[in-house]
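*Asks:* what follows is a predicted structure for the sequence shown.
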Amino acid sequence: MKTLGSAQLITTLKLWLSCIVEWLLFLPVWIVLQKYLQPRDAVLPWMYTLPLVSMTGVLLREKCNRKWKQLLAALILGALAGALAGAYGLKEIPLYAGAAICAYLGTTAAGRDRRLRFYVAGIAVYFAATIAFARVPLLKPSVAGLTWSGSLCLVLALLDTNTSHLRYSSFSGAGTPLPAGLRRHNRLFVLLFITVAAVLAAGAGKALGTLIWHAAQAFFGWLSRLFSGSGKSEPSQVAPPPVMPEMPSAESQEPGLLSMLLDYAFYAFGAAVLAVVLYYGLRWLYRNTGGLWRRFIDSLLSLLRKESIPKNTAYRDEEKSIFTWEKTVQGVRDYWRNRLASASRRDRWEGMNGGRERTRWLYRHWLQAKRAEGYLPRNYLTPQETMTDIAEWNAGRKRQRKNEAAAAASAELLHFYNQARYGAAELPESEVLRLKEKLKL
């Protein structure tokens, strides 16, 4: 009993720590909302109540095990946090919404295993905030704090991705601990890398570069004096150039936020255009240089894929590369064409080729029709077991509508579907079209 209680306490503490990290990742958003929306005479800062709200949601995770309970608890906690922060007007509604989001994240923290998307979104928010906050007078005092918190978020993202990579490489599950030696060895290198990066960012790199530069100047100056034969060089008396009258300097104005964003957008657009031009240029060379460029690329790729052979190797199987540029380019083109097309356009009857694909289309849409009628599909059942389960579900319904005809059509669909999956011959399209009319899909 004590072991169970201690394990639950450790799990709760880990979830609380993850809630604090998630709050820290979106700290610029909370700062903006507090600066512009919270009343000045509020006793309790709204931004610092969000971790408490999220931790309260963690404590309610077992009781709020359904989605509607989680949303209801998030709304109640968000309303309490907004009321404690003194937000009683319509313009303070975003404060209630932010607190409700934090409470919902707390209630669902136990079911979230991949946090990489949170780290990516948080670092992007910090990147935009460091540009914008320096240009806004009300938010400018928060830049120093954002610098430290953003650095901490980068370190946490590095540690989290490193742990995920260790689990993937060592085939360790999410709940099993990593090997102690592997974890200690890897964490040592990660902390050493972070320490070196912090020291270089603090100015050690500039000081070291300046020291090396001055040492090189002193060394070459000593060599020049040694070969010139003069111990000390007399300073040459050269008349100073006439002083030109200085022109009045124009008033320098700091560029605004819009101009800076446009500059970044222009650089990104220029880089994208350059990448496209480079890609099509290399593609044209690969296709139209009589095989010379192609042989060079193939030899370069084979050199890069070459594996070092150990000296004690007794047997080595023959390897052959199946990489071709045409298949790679066609695969990338098909991938983006399918990604950019809508789901309805990708899954249309007219887009299916042959009876095999159309039979699979009929089975998918038949399942979707049953789901729309109220049937809950079970993914672990085979198609035969799914048919039996649907027949039992139809028999238990209060309103039975043409069960015999539907059962015959379903049996024929199952026969066609098994032929499409395991048969070698192509299904006749006329029979598949007749089955489609019978199923009314």
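*Replies:* Yep, that arrived.
*Asks:* next one: the nearest residue to Trp393 once chain neighbours are set aside from Ile390, what distance?
*Replies:* Distance criterion CB to CB, 6 or more residues apart in numbering; nearest residue to Trp393, sequence neighbours excluded, is Tyr375 at 5.5 Å. (Each C-beta comes from the backbone N, C-alpha and C, glycine too.) Relative to Ile390, Tyr375 is positioned 6 Å away (criterion: CB to CB, to the nearest Å).
*Asks:* tell me which of the two has more neighbours.
*Replies:* Ile390 (20 against 16; other CB atoms under 10 Å).
*Asks:* hmm, who's touching the helix or strand containing the more buried one?
*Replies:* Here Ile390, judged by DSSP states H and E, is contained in helix 383-395. Helix 383-395 has contacts (CB atoms under 8 Å, 6 or more residues apart in numbering) with 363, 367, 370, 375, 377-378, 381, 400, 403, 406-407, 410-411, 414, 417-418.
*Asks:* quick one: which of those residues is nearest Gly98?
*Replies:* Taking CB to CB as the measure, Pro377 is the one of the contacts of helix 383-395 closest to Gly98, at 37.2 Å.
*Asks:* could I get the buried residue list for the longest helix along the chain?
*Replies:* As assigned by DSSP state H, the longest helix anywhere in the chain is helix 257-288. Residues Tyr286 are the ones in helix 257-288 that count as buried (16 or more other CB atoms under 10 Å).
*Asks:* ditto for stretch 159-167
*Replies:* For stretch 159-167, by 16+ other CB under 10 Å, it's 160, 162-163, 166.
*Asks:* give me the low-pLDDT residue ranges for the stretch 151-300 of the chain?
*Replies:* 167-183, 185, 197-198, 200-206, 227, 229-256, 290-291 (pLDDT under 70).
*Asks:* got the domain ranges for this protein?
*Replies:* 2-178, 257-301, 343-439 (automatic domain parsing).
*Asks:* just name the most buried of these.
*Replies:* Compared across the domains of the chain, domain 2-178 shows the largest average neighbour count, a mean of 16 (mean count of other CB atoms under 10 Å).
*Asks:* out of the buried residues of stretch 159-167, which is nearest to Val196?
*Replies:* Asn162 (15.6 Å).
*Asks:* dump the residue contacts of the residue nearest to Leu159 when sequence neighbours are not counted.
*Replies:* Leaving aside its sequence neighbours, Leu159 sits nearest to Val190 (CB to CB, 6+ apart; 6.5 Å). For Val190, the contacting residues are 158-159, 162, by CB under 8 Å, 6+ apart.
*Asks:* do Leu381 as well
*Replies:* With CB under 8 Å, 6+ apart, Leu381 has these contacts: Asp389.
*Asks:* center of the protein, which residue is that?
*Replies:* Arg117 (4.0 Å; CA atoms, centre = their mean).
*Asks:* could you point out which element follows the helix or strand harbouring it?
*Replies:* Arg117 is part of helix 116-133, with elements assigned from DSSP H and E. Counting by DSSP H and E, the next helix or strand C-terminal to helix 116-133 is helix 143-169.
*Asks:* tell me what that next one is packed against?
*Replies:* With contacts taken as 3 or more CB pairs under 8 Å, 6 or more residues apart in numbering; DSSP states H and E, helix 143-169 sits against helix 2-25, helix 27-37, helix 116-133, helix 180-199.
*Asks:* now Leu152: closest residue in space, sequence neighbours ignored.
*Replies:* Leu24 (6.9 Å).
*Asks:* thought that neighbour was touching Gly150?
*Replies:* No. Using CB atoms under 8 Å, Leu24 is not in contact with Gly150; the gap is 9.4 Å.
*Asks:* that older thread, packing partners of the longest helix of the chain?
*Replies:* helix 116-133, helix 292-304, helix 325-340.
*Asks:* the ones you listed into CSV, with extra columns for distance to Ala272?
*Replies:* Below are the helices and strands packed on helix 257-288 laid out as CSV (distance: least, CB to CB, whole Å):
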stretch, distance to Ala272
helix 116-133, 18
helix 292-304, 23
helix 325-340, 15
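*Asks:* those helices: which one's closest to Tyr279?
*Replies:* helix 325-340 (9.4 Å).
*Asks:* contacting residues around Leu95?
*Replies:* By CB under 8 Å, 6+ apart, the contact set of Leu95 is 33-34, 37-38, 46, 81-82, 85, 87.
*Asks:* from those, which two are the most distant?
*Replies:* Leu37 and Ala81 (13.1 Å).
*Asks:* what's the spacing between Leu300 and Gly331?
*Replies:* In terms of CB to CB, Leu300 sits 21 Å off from Gly331.
*Asks:* go on, Tyr279?
*Replies:* 15 Å.
*Asks:* can you check Tyr96 too?
*Replies:* Tyr96 is 48 Å from Gly331, where distance means CB to CB.
*Asks:* go on, Asn65?
*Replies:* 43 Å.
*Asks:* one step back: the inter-axis angle of the helix holding Arg117 versus helix 143-169?
*Replies:* 160 degrees (axes from the mean of the first three to the mean of the last three CA atoms, to 10 degrees).
*Asks:* what is helix 116-133 packed up against?
*Replies:* Against helix 116-133 (3+ CB pairs under 8 Å, 6+ apart) you get helix 2-25, helix 27-37, helix 143-169, helix 257-288.
*Asks:* how does it look with 7 Å?
*Replies:* For helix 116-133, the contact count by 3 or more CB pairs under 7 Å, 6 or more residues apart in numbering; DSSP states H and E identifies helix 2-25, helix 27-37, helix 143-169 as packing neighbours.
*Asks:* how far off helix 257-288 does it point, in degrees?
*Replies:* 130 degrees.
*Asks:* now do helix 116-133, average pLDDT.
*Replies:* Per-residue pLDDT over helix 116-133 has a mean of 85.
*Asks:* switch to numbering from 16
*Replies:* In the new numbering, first residue 16, that becomes helix 131-148.
*Asks:* can you list contacts of that helix?
*Replies:* Outside of helix 131-148, the residues within contact range by CB atoms under 7 Å, 6 or more residues apart in numbering are 37, 40-41, 43-44, 154-155, 157-158, 161, 165, 168-169, 172, 175-176, 272, 275.
*Asks:* change it to 8 Å
*Replies:* So helix 131-148 is in contact with 37, 39-41, 43-44, 154-155, 157-158, 161-162, 164-165, 168-169, 171-172, 175-176, 179, 272, 275-276, going by CB under 8 Å, 6+ apart.
*Asks:* now do it: distance to the chain's middle.
*Replies:* 12 Å (CA atoms, centre = their mean, to the nearest Å).
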